[in-house]
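Q: give me coordinates for this.
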Amino acid sequence: MPLRFVIIGGGPAGTQAATTAARLGAQVTLVERDLVGGAAHLWDCVPSKAMIATGDALDQIEESASMGLVSAMPTLDTELLRNRINGITERLERQATELLVSQGVEIVRGTGRLVDDHHVVADTADGERTFEADAVMVSTGSRPRLPEWAKVDGERVLTTRDAYTPPVLPQHLVVVGSGVTGVEFVHLFTSLGSTVTLVVSRNQVLPGKDPEVAAVLEDDFVRRGVQLLKGARASGIDVSDDGVVVRCDDGRSVSASHALLAIGSIPNTESLGLDAAGVEMDGAWIRSVDHHMRTNVPHIYVAGDVSGKLPLSSVATMQGRKIAEHVMGLHKVGHRHLDYEKAASAIFTDPEIADVGLAEADAFAEGRKVRVTKVPFASTAKALINGDPRGFVKIISDPYTGVVLGGSIVGRHAAELISVLAVAVTNGLTVSDIAESIFVHPSLAEALTDAAE
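A: Numbers count the residues shown, from 1 in each chain. As a prediction, the model looks like this:
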């Protein structure tokens, strides 16, 4: 009899685990209450990047005069944009569903919960269904964190999910939260024409990121007219018929038409029956997760936002694959563990920001000797051709062996270019391996070979 693997949550982790395990011979049941492909993936990542792409297109048209083109600026049609986003998400969900079905995965539309460590109940439109499981994976994602001092109404005070696309384009938006999500929304709405104020609780945007990287983004925000309220923490929001007033703990306040909260997320672990299955919890969080993504109950796994690890769709996908391989016993024959310190990440602002591996500031904080090389995109022909010389490539390497330890890229297509450094970091390649590679000319990737010399 094949191993029975039940997955609660069909996001990036769930769909990857399901297809991998099914391909390896498991009997897989996937319980999903909403969108196959993941609410976070299809409601957050994809819509936000689609809106950013629209804003970037507007920016490029506005700047096209410098490339010899003169034209009138187009106007934004929010209904057409909404239809485009819906079309993309519907296509992605359909493709994910078709792939699961082709692999023999049973998709159950409903809400899953554990009743003990080996049984999952799905509440469906047709009633309850019970599934016996040899292994269970929980990958139910997360939801925006809501502070006590703000009442979200979805009209004037928004969470990130209320903004795809907003019913009305904000005339003046206050973004609370200067992490990755917050700065992406600043870029998104300024490119679409809104005035934006960003509440920054620290002394720089993107706290924890390379200060040199953050400085480039701050310069772009200032160029766009963004007001930065640094060293301020939002403590309250007053709502009226025609706008909001965001109050900060230092006495400052700002009036605007809308406010958007981007201050983290909470894992969706309530009502899952994890306690009934013996999984140890710390509030909404799983208390312990090992490198195989197992909880304290060895055959119950968690992935994605529920795992408490890096909240990235790419990480969730890899977790799902690794869990499926472990469930099917492949860890006994050369299984490589997931190394979160080598995961590449990107921020889709303008310019884009991407990094992987060891950061320069962290190396110095640890007293670790590293070699840091930096090349500006302004020195490459392709950046000048594109009319966008902003940003740089920075490579962190071991000064004795030349092994690439990490790197940061700021500039156009940084999210794509970081893949070269990600492969190098993951596989222990040296700067010489990059420098001796022959890249296309002209291309932005040439900055990588220059930085590796």
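Q: quick one: least confident helix or strand in this structure?
A: One helix or strand of the chain scores below all others by mean pLDDT, DSSP states H and E: helix 39, with a mean of 76.
Q: let me see the residues that make contact with that one.
A: Applying C-beta atoms under 8 Å, 6 or more residues apart in numbering, the set of residues contacting helix 39 from outside is 11, 141. Yep, even glycine has a C-beta here, placed from its N, CA and C like the rest.
Q: immediately after that helix, which helix or strand?
A: Remark: after helix 39, the chain's next helix or strand is helix 46-62, criterion DSSP states H and E.
Q: tell me what the helix or strand following that following helix is packed against?
A: Once the chain leaves helix 46-62, the next helix or strand it forms, by DSSP H and E, is helix 78-102. When contacts are defined as 3 or more C-beta pairs under 8 Å, 6 or more residues apart in numbering; DSSP states H and E, helix 78-102 packs onto helix 12-23, helix 46-62, strand 106-116.
Q: list the buried residues for helix 78-102?
A: Of the residues in helix 78-102, 81, 82, 84, 85, 89, 92, 93, 96, 97, 99, 100 count as buried by neighbour count, 16 or more other C-beta atoms under 10 Å.
Q: quick one: it to chain centroid distance?
A: Put simply, helix 78-102 sits 19 Å off its chain's centre (C-alpha atoms, centre = their mean, to the nearest Å).
Q: likewise stretch 197-206?
A: 19 Å.
Q: let the chain start at 4 from now.
A: Okay, using 4 as the starting number, the last item reads as stretch 200-209.
Q: quick one, what contacts residue 180?
A: So residue 180 contacts 202, 264, 265, 266, 267 (C-beta under 8 Å, 6+ apart).
Q: actually, residue 292.
A: 298, 305, 310, 311, 312.
Q: returning to what we had before: and the contacts of residue 180, which of them are in strands?
A: The members of those that map onto strands under DSSP state E are 202, 264.
Q: sorry, back to before: the contacts of residue 292 in strands, which ones?
A: Applying DSSP E to the contacts of residue 292, the entries found in strands are residue 305.
Q: and of the contacts of residue 292, the nearest to residue 69?
A: Here the nearest of these to residue 69, counting by C-beta to C-beta, is residue 312; it sits at 43.2 Å.
Q: okay, now the nearest residue to the closest one once chain neighbours are set aside: neighbour count?
A: In space, residue 312 comes closest to residue 343 once its chain neighbours are excluded; the distance is 5.9 Å by C-beta to C-beta, 6 or more residues apart in numbering. For residue 343, the count of nearby residues is 13 (other C-beta atoms under 10 Å).
Q: make CSV out of the contacts of residue 180 and add pLDDT and distance to residue 194.
A: Formatted as CSV, the contacts of residue 180 follow (pLDDT from 0 to 100; distance: C-beta to C-beta, whole Å):
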residue, pLDDT, distance to residue 194
202, 97, 20
264, 96, 20
265, 95, 17
266, 94, 22
267, 91, 24
